[in-house]
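>>> Turn this into a model:
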Amino acid sequence: MSSIPCAVSSTLRNKKSTYPQSYKRSLKSVATASAARHGKKIKAMASSSPKRETDPKKRIVITGMGLVSVFGSDIDVYYNKLLAGESAISLIDRFDTSDFTVKIAGQIRGFSSEGYVNGKDDRRLDDCWRYSLVAGKRALDDAALGEQIVHTMDKARMGVVVGTALGGLTSFSKGMEGLVGKGHREITPFFIPNVTSNIGSALLAIDTGFMGPTYAIEAACATANHCFVAAANHIRRGDADVMVAGGTEAAVIPVGIGGFIACRALSHRNHDPHKASRPWDIHRDGMVMGEGAAVLIMESMEHAMKRGARVYAEYLGGAVTCDAHHITNPHPDGLVVASCIIKALEDAGVAAEEVNYVNAHATSTPAGDLAEVKAIMKVFNNTTHLKMNATKSMIGHALGAAGGLEAIATIKAINTGWLHPTINQDELEGEVTIDTVPNVKKQHQINVAISNSFGIGGHNSVVVFAPFTP
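Modelled structure (predicted):
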C-alpha cells in the first residue's frame, strides 16, 4: 500500500475510461457488494472469542535478532537512536545526483561484513546479500545458535525465509551496462545468482548447513512480514524447529532512486532531509528511500526451552491479504487492510481490545497514510488506549526490509517499555485521532502489538507480537 500516484496509474485510468458504461456500472456493483461482505466479515471476526495457542510445539518465540541499518548493525544503538528521534535521512553521496530531482535517502555508510562474509564472496556479492548475511548471522549469534551449537542440532529442521522486494539491483544494473556497452561476454558468471531473489536465503543456508524449508518471498514492501508468517507456519505444521526470517534491500543506487522518481513516489524535500519523512503530517510529499536488512530467529517454544534460550517476545500470529484493486494505489476505504488485521488477530488468538500498540506502515505518502488509519479505525472501535508510531519517519522506507526493521523496533518496545516517536509531526492530519507518539518518546507497557506492512500490488501483511509468558 505505497500509494504511488505514478504515470502507470494515469495510464490505467485512461484505459478504464474506454470501457462501456454498463461495464463500469457492473464493476461498481461488484465493488459495493464486496465491501459489504468485507464489512460483515470484519464485524463477525471481531466478535468471535479468541483462543491463544497453548501447544509448546506450536507456540513461537523470538530468540534472536540481527540487522544492518542506516544506524549501524548494533540493535541497541539502532533503537536508542530511534528513541532519541534522530533522523538518518541525508543527501546521497554514493553516486552523483546532479541530474536527479530527488537527492536524499536513508543511505547506509561505513558498512562492514568482516567476520561474517569471507573476502572472496564479499567482493562478488551484491550489497543486498551482504546485508542479509550479516543480519542473519548476527541474529543466529544473538540467539546463541553459533556454529558449534548448531552442529549438535537437526539441521533438517532449521530453515531460512529471507525475502526482498528488488533483489540484487546493483548487480542487475551493472550487468545491463556491460551487455549494452561491450556485449554478453562482459557479463560476470555471478550475474544470475546475484539477481535472483532467493540467493540471500540460499547463501545463509549454505553457510550454516540448514536443510529445512529455505526460499524467498517477494511481496514488495510487505515482504518481511510475509516471510515471518510463512516461517511461523512451517514451525506450527511441524516442518521445522527454528526458522531464520526477515527481509533485505539495497536500492539506494541510480536505477533505484530513478525508478521511484519516475513513479512520483518520493519526497522532494532536498533542502531539509531530516524533515522529509513525515507520516500523517499534512505537509508530507512522499516517501524517502531507505535500505538495510533485518532478521528474526523464530523458534518453537519447546525447542527454545529445551536449550535454555533467552526469549525476547512471542510471535502470536499473522495474516496476508491482497487489495485486488490497483498496482500502486491502496484501496481508499481500507476494508481489505482491516480484514488483514482482523485475520492476524484471529490467527493470534487475540481480541482487538487487547492490542495497545501499532507499528504502522506509514510511508509518508498522501493517500497511503490515511488509508491505513481508516483500516485501523475500522478494527479498533476504541482507540483511546492505542499508541501508533512510524519507524520510517527516521530511517526511511527500506522496501522489502522495512517490515523486519519495524518488527525489531516493535520487539524492543515490548522489552524496554518505551515507544520511539514519530518525528516531523508538525501539523497532524485531522482524520488521525490516534496517539502517534509525536516527536518525543513515550513510556508504554505493551500488552499486544501489531506491525503492519503493505506493498505495491495491494499486498497486505500484519504480524502480532506480545511479551513472552511461559
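>>> Okay, helices next: where are they in the stretch 301-450 of the chain?
Assigned by DSSP state H, counting those that start in this stretch, the helices in the stretch 301-450 of the chain fall at 301-306, 335-348, 366-379, 392-395, 402-416.
>>> do you know how far the spatially most central residue of the chain is from N270?
Compute the mean C-alpha point of the chain, and by Cα atoms, centre = their mean the closest residue is G403, 1.8 Å away. Per Cβ to Cβ, to the nearest Å, G403 is found 27 Å from N270. Any C-beta I mention is one placed from the backbone N, CA and C, and that applies to glycine too.
>>> can you tell me how far G246 sits from T164?
10 Å.
>>> which residues do the two both contact?
S132, A401 (Cβ atoms under 8 Å, 6 or more residues apart in numbering).
>>> In terms of neighbours, single out the busier of the two.
Ranked by neighbour count (other Cβ atoms under 10 Å), G246 and T164 place G246 first, with 37 against 34.
>>> partners of the helix or strand in which the more buried one is found, with directions?
For G246, the host element (DSSP states H and E) is strand 242-249. Here strand 242-249 is paired, per DSSP bridges, with strand 158-163 (parallel), strand 292-300 (antiparallel).
>>> Hey, what's the angle from that strand to helix 402-416? Just curious.
120 degrees (axes from the mean of the first three to the mean of the last three Cα atoms, to 10 degrees).
>>> Tell me the gap between strand 242-249 and the middle of its chain.
When distances are taken as Cα atoms, centre = their mean, to the nearest Å, strand 242-249 is centred 11 Å away from the chain's centroid.
>>> What's the mean pLDDT across it?
Averaging pLDDT along strand 242-249 gives 98.
>>> just checking, which of the helices of the stretch 301-450 of the chain sits deepest inside the structure?
helix 392-395 (a mean of 29; mean count of other Cβ atoms under 10 Å).
>>> Other residues contacting that helix?
With Cβ under 8 Å, 6+ apart, helix 392-395 has contacts from 69-71, 81-82, 85-89, 106, 277-279, 287-288, 290, 292, 361-364, 402, 405-406, 420-424.
>>> Apply 6 Å and report the result again.
Applying Cβ atoms under 6 Å, 6 or more residues apart in numbering, the contact partners of helix 392-395 are V70, L82, S87, A88, G106, S277, P279, G290, T363, T422, I423, N424.
>>> and that helix, C-alpha only, in CSV?
Output in CSV follows, covering the C-alpha atoms of helix 392-395 (Å, rounded to 0.1, in the frame of the first residue of the first chain):
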residue,chain,number,x,y,z
LYS,A,392,10.0,5.2,8.7
SER,A,393,9.9,8.8,9.9
MET,A,394,13.6,8.3,10.9
ILE,A,395,15.1,5.6,8.7
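>>> Outline the domain layout of this protein.
When the chain is parsed with automatic domain parsing, its domains come out as 60-313, 317-466.
>>> for the contacts of helix 392-395, which one is nearest V463?
T363 (17.5 Å; Cβ to Cβ).
>>> Just read off the phi/psi values of that closest one.
phi -80, psi -10 (degrees, to the nearest 10).
>>> pLDDT value on it, please?
96.
>>> and among the domains of the chain, the most buried is which?
Ranked by mean neighbours (mean count of other Cβ under 10 Å), the domains of the chain are led by domain 317-466, with a mean of 23.
>>> Show me the contact partners of stretch 310-325.
So stretch 310-325 is contacted by 60-63, 226, 229, 232, 331, 336, 340, 343-344, 347-348, 411, 414, 458-466, 468 (Cβ under 6 Å, 6+ apart).
>>> Give the rounded mean pLDDT of it.
Mean predicted confidence for stretch 310-325 is 95.
>>> CA atoms only for it, dumped as PDB, please.
Only the C-alpha atoms of stretch 310-325 are listed here, as PDB (Å, rounded to 0.1, in the frame of the first residue of the first chain):
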ATOM      1  CA  ARG A 310      16.700 -16.300  26.000                       C
ATOM      2  CA  VAL A 311      13.300 -15.200  24.700                       C
ATOM      3  CA  TYR A 312      12.600 -11.600  23.500                       C
ATOM      4  CA  ALA A 313       9.000 -11.900  22.700                       C
ATOM      5  CA  GLU A 314       6.300 -14.200  21.400                       C
ATOM      6  CA  TYR A 315       5.000 -14.300  17.900                       C
ATOM      7  CA  LEU A 316       1.300 -14.800  18.300                       C
ATOM      8  CA  GLY A 317       0.200 -14.800  14.700                       C
ATOM      9  CA  GLY A 318      -0.100 -13.100  11.400                       C
ATOM     10  CA  ALA A 319      -2.000 -12.800   8.100                       C
ATOM     11  CA  VAL A 320      -1.700 -11.700   4.500                       C
ATOM     12  CA  THR A 321      -4.300 -10.400   2.000                       C
ATOM     13  CA  CYS A 322      -4.500  -8.500  -1.200                       C
ATOM     14  CA  ASP A 323      -6.500  -5.400  -2.000                       C
ATOM     15  CA  ALA A 324      -7.100  -6.700  -5.600                       C
ATOM     16  CA  HIS A 325      -7.600  -3.000  -6.500                       C
END
